[in-house]
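> I'll drop the sequence and a predicted model, then ask my questions.
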Amino acid sequence: MKRFFLGLLLLMPAFTLLLSQAPNDPLVSKCLQSTGPNAKYLKDFRIQLGEGAEGGIFRYKANLSLWKNTKYRFTLCTSDKSKGQLIISIKDENSNNVASSVDEGTGTVYPYIDLICNKSGIYQVWFDFAGGHSGSGVGIVSMVQ
Amino acid sequence: MKGRAFFLVIVFLVSLSSCRNNTKKSDEFRLAGSDSMYEAIVPDDEFSSDISVSFSSPIEIANLLQMLGVPFSQGYMASSLDVTDLASGFDKALALGILGADLGYLNIYEKTGNSIEVLSSIRKLAEGLNVGQYFDFETIKRLSLSKSNLDSLLFLSIDSYNKIDRYLTENNRGQLSSLIIIGAWIEAQYLATQVIKKHPDDLLRDRIGEQKHFLNDLIKLAGPYCSIDKQFSGLCSQLNQIAAKYDDVKITYSQGEPVSAPKDGGLVVTQTETSKVEMTDEQLEEIIDITEEIRNKLILN
């Protein structure tokens, strides 16, 4: 029994170190790892939405300043308990569509978008879960070299 | 006995884990439409969120410099800023923003061994503003010293500032939040304008010209607080002095539809709409000079 506690005590510093190096939210941590080796983290959006209507406008909006001559990666991660997959739509300040992770024609939902930005400005990023379903997820914005 | 001891250990480990989550639970997720109501001076919520993302701006400037092959220089940083002499919340918040930009510069260039001094100043400032709990100093310091994981370092640094911003805004201290953002912007602008003097480059020149948009937004952000005291009104006046130098800088746009193509499981979207900056050498010179003058005044204690 003593050995068991001694082992546990020896393991605890490693355990706390592990906890403190990772972002608090495991989904954010997991999502960070999936942004790719050449991506530099800029911002994350943590989204949690209840059940909504299918085909409605995206329910979570945020604003983001983007710079021209920069390649941005929007990585989308959905928690396992979500009913729908996290999706994103990016619009410019005049609400013109710039990019969407959903291909309306084929129904394909992409897990990330690389946006090669050629116009600096404030952009609207809209999030929802596919089909207007409930869910929680993380959208990470990073720069790609 | 064995069962009881084991239970106590499990409770301890669970509480250790849950403590980390509980202290910051309110930051984890924000339900749409759950914005708080504020009684103090509060700028338009939507506008405020436009600006709140600007902590990434110094990182992007530093990243651009690195991509252009501009060598790192400690001389661009606010090394003379002595945080122990700062008494007012105004000075502390502004300095927190300035040093945040410097930290971003160090991180991008992976000069993280040099960042310990900056980190300890940031810690003093954050604690002085009672927001020290949102800055994970020990982990950031450890990651800085180990030089092992740039992405985690960037995440923790930026996320800490975002948490401070959110906490201040939600606790009727939005003026401090705006000061941090203004400080970070001025330092990043100083960095870009100093570098272009020694390393002229069209991309960097464009980036400086395009700050016209963001400066206007910054002035709107500061607007509600400009009359609260002399220090704030002085800062607003300084921002307007920089903006005046941008008056004749023109930004034009050409229209175009974005082009999308699937690649490696994701989607690559290329924007064909472009922006173009028209800025003369004289205008750039004036922007460099006014930025230098104001930034150097701000770091003087």
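Cool, the structure landed.
> how about the strands of chain A, start to end?
Taking DSSP state E to define them, one finds strands in chain A at A:39-49, A:60-66, A:70-78, A:86-91, A:97-100, A:112-117, A:121-129, A:135-144.
> Return the list of helices and strands in contact with the fourth one.
Other elements packing on strand A:86-91 under the criterion 3 or more C-beta pairs under 8 Å, 6 or more residues apart in numbering or on different chains; DSSP states H and E are strand A:70-78, strand A:97-100, strand A:112-117, strand A:121-129, strand A:135-144. Where you see a C-beta, it was placed from the backbone N, CA and C, and this is true even at glycine.
> so which of the ones you listed comes closest to residue B:249?
strand A:121-129 (15.1 Å; C-beta to C-beta).
> pLDDT of that closest one, averaged?
On average, the pLDDT along strand A:121-129 is 93.
> Other residues contacting that strand?
A:45, A:47, A:49, A:52, A:57-66, A:74, A:78, A:82-93, A:95, A:98, A:135, A:137, A:139, A:141, B:50, B:213, B:217, B:275 (C-beta atoms under 8 Å, 6 or more residues apart in numbering or on different chains).
> Type out the PyMOL command that picks the buried ones from the residues you listed.
Of the contacts of strand A:121-129, the buried ones can be selected in PyMOL as follows, counting by 16 or more other C-beta atoms under 10 Å in any protein chain shown:
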select buried, (chain A and resi 45+47+49+52+58+59+60+61+62+63+64+65+66+74+78+82+84+85+86+87+88+89+90+91+92+98+135+137+139+141) or (chain B and resi 50+213+217+275)
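> Low-confidence regions, the chain specifically.
I went with chain A, as the question did not name one. Scanning chain A for pLDDT under 70 picks out the ranges A:1-24.
> Actually, chain B is the one I wanted.
The model of chain B has pLDDT under 70 over residues B:1-56, B:147-148, B:301.
> wait, residue A:74 sits on residue A:138?
No: contact criterion C-beta atoms under 8 Å: residue A:74 and residue A:138 do not qualify, at 11.0 Å.
> Can you list the neighbours in contact with stretch B:270-287?
Outside stretch B:270-287, the residues that reach it (C-beta under 8 Å, 6+ apart) are A:68, A:92, A:98, A:115-121, B:193, B:196, B:205-206, B:208-210, B:242, B:245-246, B:248-260.
> Which of these are buried? Put it as a PyMOL command.
Typed into PyMOL, the next command selects the buried ones out of the contacts of stretch B:270-287 (criterion: 16+ other C-beta under 10 Å):
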select buried, (chain A and resi 68+92+98+115+116+117+118+119+120+121) or (chain B and resi 193+196+205+206+208+209+210+242+245+246+249+251+258+260)
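> got the contact list for residue B:81?
Here residue B:81 is in contact with B:95, B:98-99, B:121, B:299, B:301 (C-beta under 8 Å, 6+ apart).
> which parts of the stretch 51-200 of chain B sit against chain A?
Neighbours of chain A within the stretch 51-200 of chain B, by C-beta under 8 Å from any C-beta of the partner chain: B:53-54, B:56-57, B:59-60, B:63-64, B:67, B:108, B:136, B:138-139, B:142-143, B:149-152, B:154-156, B:158-159, B:162.
> I'd like to know how far residue B:292 sits from residue B:140.
In this view, residue B:292 and residue B:140 are 29 Å apart by C-beta to C-beta, to the nearest Å.
> neighbour count winner among these two?
residue B:140 (24 against 15; other C-beta atoms under 10 Å in any protein chain shown).
> can I assume the more buried one is in contact with residue B:156?
Yes: with contact defined as C-beta under 8 Å, residue B:140 counts as touching residue B:156 (5.2 Å).
> pretty sure residue A:120 contacts residue B:212?
No: using C-beta under 8 Å as the test, residue A:120 is too far from residue B:212 to be in contact (9.8 Å).
> what's the neighbour count on the closest residue in space to residue A:30 that isn't next to it in sequence?
In this structure, residue A:30 finds its nearest non-sequential neighbour in residue A:77, 6.4 Å apart by C-beta to C-beta, 6 or more residues apart in numbering or on different chains. Neighbourhood size, residue A:77 [other C-beta under 10 Å]: 23.
> For residue A:77, give the beta-bridge partners.
residue A:138 (DSSP bridges).
> Give the full set of residues in contact with it.
A:27, A:30-31, A:34, A:86, A:111, A:137-140.
> Now do it against chain B, distance only.
13 Å (C-beta to the nearest C-beta, to the nearest Å).
> Could you measure from that residue over to residue A:135?
11 Å.
> Now for those two: what residues contact both?
Contacts common to residue A:77 and residue A:135, judged by C-beta under 8 Å, 6+ apart, are residue A:86.
> just checking, residue B:123 touches residue B:135?
Yes: counting by C-beta under 8 Å, residue B:123 touches residue B:135, with 6.6 Å between them.
> re the thing from before, out of the contacts of residue B:81, name the ones that lie in helices.
Secondary structure assignment by DSSP state H places B:95, B:98-99, B:121, B:299 of those in helices.
> Turn those into JSON lines, columns for distance to residue B:288 and neighbour count.
Compiled in JSON lines, these are given as follows (distance: C-beta to C-beta, whole Å; neighbours: other C-beta atoms under 10 Å in any protein chain shown):
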{"residue": "B:95", "distance to residue B:288": "22", "neighbour count": "27"}
{"residue": "B:98", "distance to residue B:288": "18", "neighbour count": "29"}
{"residue": "B:99", "distance to residue B:288": "22", "neighbour count": "28"}
{"residue": "B:121", "distance to residue B:288": "26", "neighbour count": "22"}
{"residue": "B:299", "distance to residue B:288": "17", "neighbour count": "20"}
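> buried set for the helix or strand encompassing residue B:193?
If you go by DSSP states H and E, residue B:193 is part of helix B:174-198. For helix B:174-198, burial by neighbour count (16+ other C-beta under 10 Å) applies to B:174-196.
> if I pick the nearest residue to residue A:132 once chain neighbours are set aside, what's in contact with it?
Nearest in space to residue A:132, with sequence neighbours left out and distances taken as C-beta to C-beta, 6+ apart, is residue A:52 at 3.9 Å. Neighbouring residues of residue A:52 by C-beta under 8 Å, 6+ apart: A:59, A:128-129, A:132-134.
> For residue A:52, give its distance to residue A:102.
15 Å.
> and if you look at residue B:258?
Residue B:258 is 15 Å from residue A:102, by C-beta to C-beta.
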